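*Asks:* Here you go, sequence then predicted model.
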Amino acid sequence: MRNILTIAGKELRSYFTSPMAYVLAVFYLGIIGYIFILIFLLSPQAQTEHLGNLIGSMLFLTLFIIPMLTMGLFAQERASGTMELLMTRPVRDWEVVIGKFLAIVSLFASVIIISLSYPVILEVVAKVDWAMILTGYFGLLLAGAAFAALGIFASSLTSNQIAAAIIAVFMLLFLWLVGALSYSVSQSLGDVFKHLSVLENYQDFSKGIIDTKNILYFLSLIFVSLFLAVRTIENRRTI
Amino acid sequence: MIQADGLTKYYAQHPAIVDVSFQVEEGEIVAFLGPNAAGKTTTMRILTGYMPATFGTAQVAGFDLGEQSLQARRNIGYMPEAVALYPDMRVHQYLSYCGRLQGMGKAELTERMEYVIDRCGLSERASSIIGTLSLGFRQRVSLAQAMLHDPPVLILDEPTVGLDPNQIVEVRNLIKSLAGDHTVLLSTHILPEAQMTCERVIIINEGEIIAEGSPQALTSQLRQAETLLVTIRDDDGTVARQMKNIPEVVDVRSAEQAGSYYVETKVGSDLRANISEFIVANGWGLLELRPVEMSLEDVFRELTTEEKGVA
């Protein structure tokens, strides 16, 4: 556990010593704020139920932001050669992977907590359904963590950061769009596609519904991705 | 402390090292000597647990690197060939990160950090950002992290590469002073370095160990002939041919200087008296006659080029 926290702490600190975290956080919060203003402050007939849509667009932005944060986690260590020292420490490969994963998840969590200030502002002028908001945020955090895990897997595959980011975005876009395919194929295959879809699994959260099926989907996405990342790192030792 | 048994490593179809076996006893300083791409780094990466060997086993501090890799790694301080540090971290931040990953407690870490920062001459740079340091200082940080957890075994891959002459002397002295308390395996392609810092040398070439022993033992063991340097005043061009006729002379080669010759004689013979008599009798004017010591460099060159000649 200590090793995991040491690695997570180191990664978090390096996000904040580089402009990366600030730039992405400002960009993320700025766009969300812009959408927020468009929906609630400029359109008179807006309903607080639209907040669910807002969280939905946050998730779509997350799909592009997270790969930018995860791309360097292993690719950079490989490219600069620091991987060699890290891999010869008395630390297990999975501890390294979990440590880096925790760093990203806590960074993402703190950014979305800041974004909670938008509904708080709305509370001044309208009645906000907090149960629905918090469910939506829970789903957002869960999905963000799953994106991070997939991004870490992509980063473990290559020593090129840009390639890692592109691989991650494509995998995530696939998971995002696969649900749309379900309408053009047979019923049974369509169901499979729907179950694979990030969007389908997220939708209930944004309506304020917590379903174990959806939670399980994201948890298994996290587990499978991190498992593949650990295996990739183990295999890379042998070549 | 270090034991390698039949280590073989293939990269795809190409063998990087073949059947490498050796031992390093506790407290010894051993140099791993070889030209570039001889397999030094590959061997060290196996010994530090970075990657497994294709065949063969290795033990460090009594722990098998296959089965007890974590315990073995706890007992190793490793300085990789390429100095790779996190450029955005400060020196003390980096060292404390390394120490925590090695499982050091807070008090121990503070104390050891102070010690290695001082020993590696980093006192004035302890709060510098690593990215702003010169290569020499980064090299010292890399050495400092290897020594930080006071590991019984130190594996140093080309520790003096990229340093200026003064720093090289400092680092060599530092490494020498580690003997006794630490077991050190260092790799180098610089012969005088091996000769100066190490008690024992393992010579590796094209992935195979080709010689092993103390620098002195290696030079005498591999000497196939005694060599004398002869310089004469009146060289008429027939000297070399005529000297070959002296009994027990194996070969005569011209040296760099005009009038100088290397005379190789049979092992164990001392022909100085015979040769001087011969030269004087011919009236060539003897200016110099002395035995030539074979340096480790000659041994090394002989071994590594011979190998190529055979292949």
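*Replies:* In hand now; what should we look at? Just so it is clear, the model here is predicted, and its values are computed rather than measured. Numbers count the residues shown, from 1 in each chain, chains lettered A, B, ... in the order given.

*Asks:* can you list the weak-confidence ranges in the stretch 151-300 of chain B?
*Replies:* Along the stretch 151-300 of chain B, the parts satisfying pLDDT under 70 run over B:219-225, B:293-300.

*Asks:* And the strands in it?
*Replies:* When assigned using DSSP state E, counting those that start in this stretch, the strands of the stretch 151-300 of chain B occupy the ranges B:153-157, B:183-188, B:200-205, B:208-213, B:226-232, B:249-254, B:260-265, B:286-292.

*Asks:* tilt between the last one and strand B:260-265?
*Replies:* Just to be clear, that refers to strand B:286-292. 50 degrees (axes from the mean of the first three to the mean of the last three C-alpha atoms, to 10 degrees).

*Asks:* if we can go back for a sec, take the strands of the stretch 151-300 of chain B and write them to CSV, including distance to chain A.
*Replies:* Where C-beta positions appear, they are placed from N, C-alpha and C, glycine not excepted. Shown next, in CSV, are these (distance: least, C-beta to the nearest C-beta, whole Å):
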stretch, distance to chain A
strand B:153-157, 9
strand B:183-188, 14
strand B:200-205, 20
strand B:208-213, 22
strand B:226-232, 44
strand B:249-254, 45
strand B:260-265, 45
strand B:286-292, 43
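
*Asks:* can I assume residue B:5 sits in a strand?
*Replies:* Yes: judged by DSSP: H, G, I helix; E, B strand; the rest coil, residue B:5 forms part of a strand.

*Asks:* Can you give me the distance of the single nearest residue of chain A relative to chain B to residue B:81?
*Replies:* For chain A, the residue closest to chain B is residue A:81, as judged by C-beta to the nearest C-beta, at 3.2 Å. Using C-beta to C-beta, to the nearest Å, residue A:81 is found at 9 Å from residue B:81.

*Asks:* between these two, who's got more neighbours?
*Replies:* residue B:81 (18 against 15; other C-beta atoms under 10 Å in any protein chain shown).

*Asks:* Disregarding residues adjacent in the polypeptide, which is nearest to the more buried one?
*Replies:* Leaving out its chain neighbours, the residue that sits closest to residue B:81 by C-beta to C-beta, 6 or more residues apart in numbering or on different chains is residue B:157, at 4.0 Å.

*Asks:* Give me the distance between that neighbour and residue B:70.
*Replies:* The gap separating residue B:157 from residue B:70 is 21 Å, by C-beta to C-beta.

*Asks:* again, but for residue B:145
*Replies:* Using C-beta to C-beta, we find residue B:145 at a distance of 18 Å from residue B:70.

*Asks:* neighbour count winner among those two?
*Replies:* Higher neighbour count among residue B:145 and residue B:70: residue B:145, with 24 against 13, using other C-beta under 10 Å.

*Asks:* and the closest residue to the more buried one other than its chain neighbours, what does it touch?
*Replies:* Leaving aside its sequence neighbours, residue B:145 sits nearest to residue B:98 (C-beta to C-beta, 6+ apart; 4.5 Å). Contact analysis of residue B:98 by C-beta atoms under 8 Å, 6 or more residues apart in numbering or on different chains lists A:85, A:89, B:145, B:148, B:149.

*Asks:* Out of those, which comes closest to residue A:234?
*Replies:* residue A:89 (15.2 Å; C-beta to C-beta).

*Asks:* what secondary structure does the closest one sit in?
*Replies:* coil.

*Asks:* Next up, identify which helix or strand the spatially most central residue of chain A is on.
*Replies:* The centroid of chain A falls nearest to residue A:144 when counting by C-alpha atoms, centre = their mean (2.2 Å). When elements are assigned from DSSP states H and E, residue A:144 belongs to helix A:130-156.

*Asks:* For that helix, buried residues please.
*Replies:* Using 16 or more other C-beta atoms under 10 Å in any protein chain shown as the test for burial, helix A:130-156 gives A:132-133, A:135-137, A:139-156.

*Asks:* Who are the packing partners of it?
*Replies:* Packing partners of helix A:130-156 (3 or more C-beta pairs under 8 Å, 6 or more residues apart in numbering or on different chains; DSSP states H and E): helix A:51-70, helix A:72-80, helix A:93-115, helix A:161-181, helix A:198-206, helix A:212-237.

*Asks:* buried residues in the last one?
*Replies:* Residues of helix A:212-237 classed as buried under the neighbour-count rule (16+ other C-beta under 10 Å) are A:214-215, A:217-218, A:221-222, A:225-226, A:228-230, A:232-233, A:236.

*Asks:* can you put the residues you listed in TSV and add pLDDT and distance to chain B?
*Replies:* Shown next, in TSV, are the buried residues of helix A:212-237 (pLDDT from 0 to 100; distance: C-beta to the nearest C-beta, whole Å):
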residue	pLDDT	distance to chain B
A:214	92	37
A:215	94	33
A:217	94	34
A:218	95	30
A:221	95	29
A:222	97	24
A:225	96	24
A:226	97	20
A:228	97	20
A:229	96	18
A:230	96	15
A:232	94	14
A:233	93	11
A:236	81	9
